[in-house]
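Chemist: need a structure here:
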Amino acid sequence: MKKIILGLMLSSVITSCSVTKSSTAKSLDVYGTVMHIPVVADLNVKQEKVSATLEFLGKEASEAIKNKVIGEALKKSNADILIEPSFDIETKGSNSKITVKGFPASYSNFRNATPGDVELLKAGVIQKSDKG
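Modeler: Next up is the predicted model:
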């Protein structure tokens with residue numbers, strides 16, 4: 001009988017030691033007359049492409065893997081964004097290798113938007129929606 005009680009106590013101690021983490025968050029949209037001035041920047045695009053390669057398990061590259069290899073290319077070229085990235089995926093068995101190539105670019109000359117900038121932004125949005 002003592003062995004059964006001891007066994008039950010031991011099993012309850014073992015199972016009660018699990019750790020569960022959770023978090024909650026609330027957000028609230030701000031309504032009212034708050035206005036901000038749009039900020040634009042120049043984009044300096046390098047003429048030479050940069051590439052980076054990453055090995056991973058599996059046959060399909062997730063968005064996380066693509067973002068990681070883009071990050072490696074950006075780190076290599078000290079850039080802010082990769083323009084026109086293209087991906088090559090090579091698979092051998094369960095191992096794969098992804099290579100990204102693109103034009104590295106950096107932002108500079110941050111400034112408040114002018115009326116001319118706003119017109120260019122509107123034209124870009126219209127062109128983009130026409131392709132859709």
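Chemist: what ranges do the helices span in the chain?
Modeler: With DSSP state H, the ranges of helices along the chain come out as 2-15, 63-77, 115-131.
Chemist: Neighbours of residue 90, how many?
Modeler: A count of neighbours around residue 90, defined by other Cβ atoms under 10 Å, yields 11. Quick note: C-beta positions are derived from backbone N, CA and C, even for glycine.
Chemist: do the same with residue 94
Modeler: For residue 94, the neighbour count with other Cβ under 10 Å is 9.
Chemist: do the same with residue 70
Modeler: Counted with other Cβ under 10 Å, the burial measure for residue 70 works out to 18 neighbours.
Chemist: what residues are up against it?
Modeler: Residue 70 makes contact with 52, 82, 85, 100, 102 under the criterion Cβ atoms under 8 Å, 6 or more residues apart in numbering.
Chemist: mind redoing it with 7 Å?
Modeler: 82, 85, 100 (Cβ atoms under 7 Å, 6 or more residues apart in numbering).
Chemist: How many neighbouring residues does the residue lying closest to the first one once chain neighbours are set aside have?
Modeler: Residue nearest to residue 82 in three dimensions, not counting chain neighbours: residue 102, with 4.1 Å by Cβ to Cβ, 6 or more residues apart in numbering. When neighbours are counted by other Cβ under 10 Å, residue 102 registers 22.
Chemist: Same check on residue 120?
Modeler: Applying other Cβ under 10 Å, we find 12 other residues in the vicinity of residue 120.
Chemist: Residue 45 contacts residue 106, doesn't it?
Modeler: No: with the criterion set as Cβ atoms under 7 Å, residue 45 and residue 106 do not qualify as a contacting pair; they are 8.5 Å apart.
Chemist: Which one's more surrounded, those two?
Modeler: Counting neighbours by other Cβ under 10 Å for residue 45 and for residue 106 shows that residue 106 has the greater number, 16 against 13.
Chemist: Give me the pLDDT for the more buried one.
Modeler: What the model reports as pLDDT for residue 106 is 96.
Chemist: Also residue 98?
Modeler: Here the pLDDT value assigned to residue 98 is 94.
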